[in-house]
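predicted model and sequence follow; I will ask about them next.
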Amino acid sequence: MRVAIVGATGAVGHELLQVLEKSSLRFDELLLYASPRSAGTALKFRGEDLTVQVTPEGAIDADLILASAGGSVSQALAPKWVEGGAVVIDNSSAFRYDPEVPLVVPEVNGPAALRHKGIIANPNCTTAIAVVAVAPLHREYGVRRMIVSTYQATSGAGQKGMDELLEETRTALGGGEAGAEVFAHPIPFNVIPHIDAFQANGYTKEEMKVVWETRKILEDESLQISCTAVRIPTLRTHSEAITLDLERPATPEAARELLAGAAGVEVRDDPAAKLYPMPLTASGKYDVEVGRIRPSLVFEGGLDLFVAGDQLLKGAALNAVQIAEYLQQQGALKEKQRA
Ligand SMILES: NC(=O)C1=CN([C@@H]2O[C@H](COP(=O)(O)OP(=O)(O)OC[C@H]3O[C@@H](n4cnc5c(N)ncnc54)[C@H](OP(=O)(O)O)[C@@H]3O)[C@@H](O)[C@H]2O)C=CC1
Ligand SMILES: N[C@@H](CC(=O)OP(=O)(O)O)C(=O)O
């Protein structure tokens with residue numbers, strides 16, 4: 001079994017290497033690809049140096065390709081990879097809204113992955129983190145309306161986002177004027193309510209991804225969702241305040257108990273002991289932290305909660321590897337015939 005990572009030198013690629021090291025996925029060989037500027041770079045995997053190669057324009061001889069090199073690379077090359085016999089798990093947004101392409105968070109809709117025709121899409125990171133917490137509540141109480149406000153880390157914009165936070169913070173602390181290239185405004189000591197492009201309806205694409213993708217994953221087009229997505233000066237982990245209007249009333253106690261048994265969730269909810277989800281505690285963790293669970297003051301029987309999830313892990317690398325593990329467990333990931 002041969003696995004390839006395209007985009008191995010990026011923020012998500014780096015996490016893919018770490019997650020694969022610990023994963024139960026069985027494979028014999030790992031191939032690493034990036035852009036020409038990284039060709040020849042050595043990256044460690046299981047104690048060995050693997051050399052990064054230039055991503056070819058055509059097929060890659062691998063059984064499974066984990067793609068995290070951006071939408072335009074996936075758009076252009078993923079169909080060729082599939083033609084060459086590989087299964088592609090794509091971290092970009094290129095195919096997420098294609099009805100033929102499953103959009104999968106294994107804890108929530110794992111079996112959807114089995115319906116793939118070569119490509120499986122990994123959801124937007126903000127969405128993936130939200131649905132891990134919301135799906136169990138939706139199943140039990142029926143979510144009617146969902147209002148989300150996000151606090152998104154700079155690594156959501158890749159390695160260059162983290163670099164800009166660190167460099168511009170140094171500049172600001174040194175008495176200089178912080179600049180901005182990756183973000184729309186200087187990020188140190190600021191919050192920016194602008195992630196991705198503004199759409200005709202006044203929402204950003206990041207906000208609309210939460211709407212479109214949550215509905216697709218939960219298979220419920222009737223869900224009413226509104227999101228405000230905000231960039232904050234942290235390195236990693238996206239946090240989200242979520243308000244839920246429910247068809248059947250929930251109590252915080254019952255919700256806490258339900259979520260404590262839910263896969264991928266860690267309930268961290270003891271305000272008296274100052275225990276609640278935070279980037280500081282959620283970073284590097286596989287589970288999404290959920291806390292501040294309380295009755296909604298607006299929607300009777302509804303809930304307010306706060307989640308924090310490492311978006312480079314559950315929002316990207318971990319979720320992609322979990323999809324691959326799921327396929328393999330189901331006997332749906334096979335080595336292709338080679339001459
Ligand atoms: N960051 C996040 O939180 C999340 C990211 N994603 C998605 O994952 C993908 C990667 O994101 P991220 O790791 O953050 O981005 P980075 O900018 O950190 O990394 C991009 C990677 O893609 C490679 N790359 C860029 N252009 C090309 C090209 N033309 N051909 C081949 N390889 C190329 C880069 O190689 P090189 O180093 O040589 O330039 C690098 O390895 C994106 O689609 C993003 O939307 C999804 C969920 C969350
Ligand atoms: N949501 C990421 C950006 C990203 O990579 O999103 P997507 O995978 O939907 O393109 C952010 O915080 O900026």
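Nice, I can see it. Ligands and ions are numbered 1, 2, ... in the order given.

from now on I want contacts and neighbour counts done on CA atoms only, so please keep to that.
Will do.

contacts only, for the residue of the stretch 1-150 of the chain found nearest ligand 2.
Minimum separation of the stretch 1-150 of the chain from ligand 2 (C-alpha to the nearest ligand atom) falls at Asn124, amounting to 3.8 Å. Neighbour list for Asn124: 91-93, 209-210, 213, 315-316 [criterion: C-alpha atoms under 8 Å, 6 or more residues apart in numbering].

can you get me a residue count around Arg46?
Around Arg46 there are 11 other residues, counting by other C-alpha atoms under 10 Å.

which residue, other than its chain neighbours, is closest to it?
Counting by C-alpha to C-alpha, 6 or more residues apart in numbering, the nearest residue to Arg46 once its immediate chain neighbours are dropped is Glu21, at 6.3 Å.

can you check Asp63 too?
Leaving aside its chain neighbours, Asp63 sits nearest to Ala86 (4.5 Å; criterion: C-alpha to C-alpha, 6+ apart).

contacts only, for that neighbour.
By C-alpha under 8 Å, 6+ apart, the contact list for Ala86 reads 60-65, 118, 336.

circling back to that earlier point, please tell me how far the residue nearest to Arg46 sits from Gly156.
In this view, Glu21 and Gly156 are 23 Å apart by C-alpha to C-alpha, to the nearest Å.

settle it for me: which of those two has more neighbours?
Set Glu21 next to Gly156 and count neighbours by other C-alpha under 10 Å: Gly156 wins out with 25 against 13.

what average pLDDT does the helix ranked longest in the chain get?
In the chain, ranked by residue count with DSSP state H as the criterion, the top helix is helix 125-141. The average pLDDT within helix 125-141 is 98.

what's that helix packed up against?
Identification of packing neighbours for helix 125-141 by 3 or more C-alpha pairs under 8 Å, 6 or more residues apart in numbering; DSSP states H and E yields helix 106-109, helix 205-218, strand 238-246, helix 252-260, strand 288-295, strand 303-309.

what helix or strand does the residue nearest to Arg46 sit in?
Counting by DSSP states H and E, the element that carries Glu21 is helix 11-22.

tell me the residues of this protein that contact ligand 1?
7-13, 34-38, 55, 68-71, 73, 91-92, 124-125, 155-159, 311-312, 315-316 (C-alpha under 6 Å from any ligand atom).

circling back to that earlier point, are any of the contacts of Asn124 buried, and which?
Applying 16 or more other C-alpha atoms under 10 Å to those, the neighbour count classes 91-93, 209-210, 213, 315-316 as buried.

ok, and of those residues, which contact ligand 2?
92-93.

pairing partners for the host helix or strand of Val52, with directions?
Taking DSSP H and E as the criterion, the element that holds Val52 is strand 48-54. With DSSP bridges as the test, strand 48-54 is paired with strand 29-34 (parallel), strand 42-45 (antiparallel).

residues contacting Glu177?
By C-alpha under 8 Å, 6+ apart, the contact set of Glu177 is Thr171.

assign a three-state SS to it, would you?
coil (DSSP: H, G, I helix; E, B strand; the rest coil).
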